[in-house]
Structure formats: C-alpha cells, structure tokens
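**Q** Let's see this in three dimensions:
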Amino acid sequence: MRPPLTALAILALGSAVLTSCLQKSLDWYIPADAHEYVDLCVQDIGPDCEALQPTMRTLGRDISVLTTNGDTTEAFMAYARARGLTLEQFLASPLRERYARANIFPVDRFTTGTFTALDGAAHTFVCPDEWSCVMDGDITLNHSMDRKRTGTVYRASRVIFP
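**A** I've put the predicted structure just below:
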C-alpha cells in the first residue's frame, strides 16, 4: 500500500526544515570566532562579508571586524558602479582589500579610546557599555557575538567605505 500524498509532502517538508536547521547559519549557530562569523555571513548576508573574508584569512584571531546590519548589496553595487565596476569586479579588485583593511582592527575588543584600522586610519570610539560603541561620533556599533569568543564582530549602522 502506498502512503498518501500528503504524508509524503509532510515528510519532504520536515526533511527540508531539519536540513536547514542542521546547516551552520547565523540564524541557528553561534560562531566560534570573528573568522567563522564572517564565513557564515558570506552565506547569509552578502558582499560586505565577502569583501572581508580573503583578508581575514591572512590574520590572527584577535581582531575586531565591522560589518553592517542587513543586506548591503545595493550599497556595494552603487560604490562599485561609481568606480566603473560591477560588484563582481569590485570583489576581485584591489578596492576589495582597501575596504577590508578599513573595517578590520588589530584589537580583540573596542573600549573608549582611539584605534587604528589595518588601513592606517585612526578612529575614535566611545563605548558606554560592553555591547555598543559609537565610532567617529556618528556610526553606531553593536557587538554581535558572545563576549567569550575570540575576536569581535560589530554591526555598524552603515557601510564604511574607505
């Protein structure tokens, strides 16, 4: 006897849901460090993490990384277009490295003070608590990882291009 079609459909749906839950994703998994966060972010969010990833692979674990909230595809496409590039060309160009170096800091966590990004630009941080900071007076940063992890990822209120 064949099972009813609805039973097969429910089984297929349940299998798809279970598979998606078992895959590592920022929705379901707490990354071990900033590197793993960015690797997952490439899958879940998009171009800002994709631009950061190659540079991060060359660095140690004690770093702070700036990403943004939500999908940044439009902002990156506009930035690339203004330079006569497609998004894919931008991600393969030296501009990608410049972007990454402007958004990675060789420090495990921010506190109130001045910190220099890998591109050599100094930025002022005011951090009223361990979960948030304001960079250069107008960019809100929210800590987005467990404090016990190595390295830190901060979600910025806007994309920070060099």
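**Q** can you give me the helices in the chain?
**A** 5-22, 34-44, 47-56, 73-81, 87-91, 94-102 (DSSP state H).
**Q** So what touches the shortest one?
**A** Contact with helix 87-91 is made by 47, 50-51, 73, 76-77, 79-80, 83, 96, as judged by CB atoms under 8 Å, 6 or more residues apart in numbering. (C-beta placed from N, C-alpha, C; glycine too.)
**Q** Asp129: which of those is nearest?
**A** Set against Asp129, the nearest of the contacts of helix 87-91 by CB to CB is Ala51 (28.8 Å).
**Q** Tell me who's in contact with the closest one.
**A** 76, 90-91, 96, 99-100.
**Q** make it 6 Å
**A** 96, 99-100 (CB atoms under 6 Å, 6 or more residues apart in numbering).
**Q** possible to save these as CSV with pLDDT and distance to Gly60?
**A** What follows is these, written out as CSV (pLDDT from 0 to 100; distance: CB to CB, whole Å):
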residue, pLDDT, distance to Gly60
Arg96, 96, 20
Tyr99, 96, 20
Ala100, 96, 15
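**Q** okay if I get the residues you listed as CSV plus distance to Glu130?
**A** Shown next, in CSV, are the contacts of Ala51 (distance: CB to CB, whole Å):
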residue, distance to Glu130
Arg96, 31
Tyr99, 27
Ala100, 25
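**Q** out of the residues you listed, which are buried?
**A** Neighbour-count burial (16 or more other CB atoms under 10 Å) applied to the contacts of Ala51 gives 96, 99-100.
**Q** Test my guess that Asp62 contacts Asp108.
**A** Yes. Counting by CB atoms under 6 Å, Asp108 is a contact partner of Asp62 at 4.4 Å.
**Q** Which per-residue confidence value corresponds to Trp150?
**A** Careful, residue 150 is Thr and not Trp. With respect to pLDDT, Thr150 scores 67.
**Q** where does this structure have low pLDDT?
**A** Low-confidence segments of the chain, defined by pLDDT under 70, span residues 1-31, 44-45, 144-150.
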